[in-house]
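1. Prediction below, plus the sequence it came from.
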Amino acid sequence: MQIKKLVLFTLVLLTSLSFVMAQDIRNNPTSNHGNKFEQLGTILATPNEYRTASGAPGTKYWQQRADYDIKANLDEKKLLLTGSETVTYFNNSPDVLTYLWLQLDENEHSTINNGGFPEESRLSRAVSPATIDKLIEAKSDNGLGHIISSLTDALGAKLKYTINGTMMRIEVPTPLKPGQKFTFKLSWTYKITDRMTVAGRGGFEYFPEDGNYLFTMAQWYPRLCVYSDFQGWQNHQFTGRGEFALVFGNYNVAITVPGDHVVMATGQGQNYPAVLSAAQLARWTKAQTSTEPVEVVTLDEAKAAEKNKATTSKTWVFAANNVRDFAFGSSRKFIWDAMAANVEGKKVMCMSAYGKEAYGLYRKFSTKAVAHTIKSYSKFSVAYPYPVAQSIEASNGMEYPMICFNYGRTEKDGSYTESAKHGMLGVIIHEVGHNFFPMIINSDERQWSWMDEGLNSFVEYLTEELYDNKFPTRGGPAWTISDYMRLPKDQLEPIMTNSENIIQFGPNAYTKPATALNILRETVMGRELFDYSFKEYARRWAFKHPTPADLFRTMEDASAIDLDWYWRGWFYGIDPVDIAIDTVKHAVYDATAAAPAAGGGMMMMRGGRGGGMVGGPRGLDKPAIPEFDDISKVRNRADKSIVFLTDADTTLRDFYWRYDRGIEPYDSVTKQPAMSFPAPDALTDAEKAKYADVNLYEITFLNKGGLVMPIIVEFTFADGTKEMQKLSAQIWRKNENKVTRVFLTNKKAVSIQLDPMRETADIDETNNRWPNVSAPSKFTLFKSRGFGRGQSMGLSPMQSAQNKKN
């Protein structure tokens, strides 16, 4: 190639201390190219006629079905639940089955038949009586867990069965061939546990001040395990950690309770005229067309029921189709409100039930939060298919089809803190959101907690952002996972770790996968491609059993983006993100210089650093982090098509909403002039004018953390303006440790910042700046919010709520 003219620029070299990278030598011990960009290949299951390489269900995909007809009786005096069920199991698999596996989750509480894993324990100088009592109890039968009183086929013939911990195997009299169904009848009973003292998702809460109970009945009936194409029977023991893998089916459930109880359950009530008063039934009818919550059972009625306990009983009947589970709550303490919501052209009854202790929060916020959640999730996944969605206040946080149990109680005088409000809204959105992940997109929670908790936490984040642009969400912005990712590696596990093996369950199963998906959406793929692909995954796998490979493959198939490097780094690895500015060279055109002499030239050099450390509290070295909104909030505000719920419904604006409007983000910019030196060139006047304002910056970046990510560079100029330039993660393909890139700007930069909006979860922001000018450490002044209770000491909403609880 003949070069007619050479454009030479004035150069400046700014050097810093070099960093020696530990190379990934798994593929080639002498190469900078490791395996971070290799395809996942055999790490993923081999595609087949059940699950395709595109991530879609195959032409021969199948799944089982189980229908239930259940009768249950809740004895409040004896704290006993008795039930009988007729189960019809459909074998849609190509396999012949000689036995079925059922789950007996209540056996988790049994001391003799729990199937749990032993945990480490140690002696301390002071041993509590409770610890000793627990050890004594463990050596004898505590009487908890399912007691099976009978098991027969449809004609009454006894069936053989074996109980192993939380699993029960039923032997089928005649092998169950593909396309056949088998019906059996099962009767059982168990003691209801005190959920507030015995760890568990279901049970009772007792209120000593009024002598009443609130029951949340979950995992309460023996139910089928999943039999699937990818693992056969999912009969791993239930230890209380890894949640559930369940079969879709139709339910008819009759629940007998004390006559003054209100029952809220999965599905639609079938006999409200028989269990509600005339006034309550009229209010229920009114709620069918109301866009504001209507109290079906009022506060005054609930208070009266607390004082005058009924001696009669009532049976409430519910029906639910194509659901994977059934749960219910029962109490005379319940206030019940309801309203109709239009979700993707379909009416959904949004409802809440709660005791008087939660009235000040739930009456105002809960049912509207339910409606907002199913509308938002429908936008990002699939249209909500069920006729009911409800939130039950039970000092808890657990999810089931069409119903969930949450927390959120006021002070005794009815007031509440801002942290209590946001904590309540967050848990309602999260648990109602579980209707989609995993109640509809039905992943195996026991094997992969992140597939329901992580995906759900991600869409929860999107939903909270659409509730209020100042919602203090912590489960999506990239910077919120940095503290976890900078932990020593022996304290970390990959997201893909089995549920029972996870040490730090919250970050690993919830926050890190949610953050990873948000980074994909905002930084790697972009909103349009991500949203289309994620919605396609939900559409493909609604009412089916997806695996991680199905998610990974669909996201790539629908977007034409190779993301194997991303799944490998974020989901299969534990490396953190730490990209550093190593060196910066600045070149500008010098129109006055003469032509270059052979072998000659002159260069001026000065030292500089691409990062800095700031003294933090108690002498700890921490990055100086500006206070600002995350990238999602910024983009949501700029998107004129987005209407936040608190703008659409101004009744949701309380004191705290108005107070928070005065908070503005803080920003500071450190400026330091760049330097230059002369280098010769000869151009025409037109060419000189063309290049007069060109500034070239050659920047070398180090991958100190190991996890490859996009490089986002912000240039700040002398006039205060800024310019953002972004490189995809593909720049690291040929050298995963160190890359160099030339950037062009039309102004001279006074500072350069990596990842200014904290989009990549970089664990060390002190090496993200040039020039290296340390920012001052900061202190914060807190202003009282006037209620005497609220966030103080700089606590997060969740921390403040936890302190109040304790």
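-> Received it, and whenever you're ready, just let me know what you need.

2. which sections of this protein are below the confidence cut-off?
-> Residue ranges of the chain with pLDDT under 70: 1-34, 116-125, 591-628, 662-683, 773-806.

3. need the longest helix for it.
-> The residue-count maximum for a helix in the chain (DSSP state H) belongs to helix 359-380.

4. Just the buried residues of that helix, please?
-> When burial is assessed from 16 or more other C-beta atoms under 10 Å, helix 359-380 yields the following buried residues: 359-380. Where you see a C-beta, it was placed from the backbone N, CA and C, and this is true even at glycine.

5. And for stretch 310-322?
-> Across stretch 310-322, burial judged by 16+ other C-beta under 10 Å covers 314-318, 320.

6. Ok, stretch 746-759 next?
-> Of all the residues in stretch 746-759, those buried under the rule 16+ other C-beta under 10 Å are 748-759.

7. Just the closest of those to Ala542, please.
-> Of all the buried residues of stretch 746-759, Ala542 sits closest to Glu759, with 30.4 Å by C-beta to C-beta.

8. Let's verify the closest one: helix, strand, or coil?
-> Recorded secondary structure, Glu759: coil (DSSP: H, G, I helix; E, B strand; the rest coil).

9. which ones are touching it?
-> 478, 519, 522-523, 631, 712 (C-beta atoms under 8 Å, 6 or more residues apart in numbering).

10. export the residues you listed to TSV and tack on secondary structure?
-> Output for the contacts of Glu759, formatted as TSV (three-state DSSP):
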residue	secondary structure
Ala478	helix
Ile519	helix
Glu522	helix
Thr523	helix
Ile631	helix
Ile712	strand
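
11. Closest to Thr554 out of those?
-> Within the contacts of Glu759, the smallest distance to Thr554 is 18.1 Å, found for Ile519 (C-beta to C-beta).

12. so what's that closest one up against?
-> Residues in contact with Ile519 (C-beta under 8 Å, 6+ apart) are 478, 709, 759-761.

13. Quickly note the distance from it to Asn250.
-> According to C-beta to C-beta, to the nearest Å, Ile519 stands 40 Å off from Asn250.

14. before we move on, the earlier item: among the buried residues of stretch 746-759, which are located in helices?
-> When these are checked against helices (DSSP H), there are no matches.

15. Show me which of those residues is closest to Asn456.
-> Checking those against Asn456 by C-beta to C-beta gives Glu759 as the nearest, at 21.8 Å.

16. which parts of stretch 295-309 are buried?
-> For stretch 295-309, the neighbour count (16+ other C-beta under 10 Å) marks 295-298, 301-302, 305-306 as buried.

17. Show me which pair in these is furthest apart.
-> The widest separation within those (C-beta to C-beta) is 17.3 Å, between Val296 and Glu306.

18. how near is Arg259 to Trp220?
-> Residue 259: Gly, not Arg. As defined by C-beta to C-beta, Gly259 lies at a distance of 21 Å from Trp220.

19. Have a look at these two and say which one is more surrounded.
-> A count of neighbours by other C-beta atoms under 10 Å puts Trp220 above the other of Gly259 and Trp220, at 24 against 15.

20. quick one, what contacts the more buried one?
-> Contacts of Trp220 by C-beta under 8 Å, 6+ apart are 72, 81, 83, 106, 190, 202, 327.

21. Columns distance to Leu144 on top of the residues you listed, output as TSV?
-> Converted to TSV, these look like this (distance: C-beta to C-beta, whole Å):
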residue	distance to Leu144
Ala72	18
Leu81	12
Gly83	16
Glu106	7
Tyr190	7
Gly202	12
Ala327	19
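
22. So which of those are in strands?
-> Counted as lying in strands by DSSP state E, out of the contacts of Trp220, are 72, 81, 83, 190.
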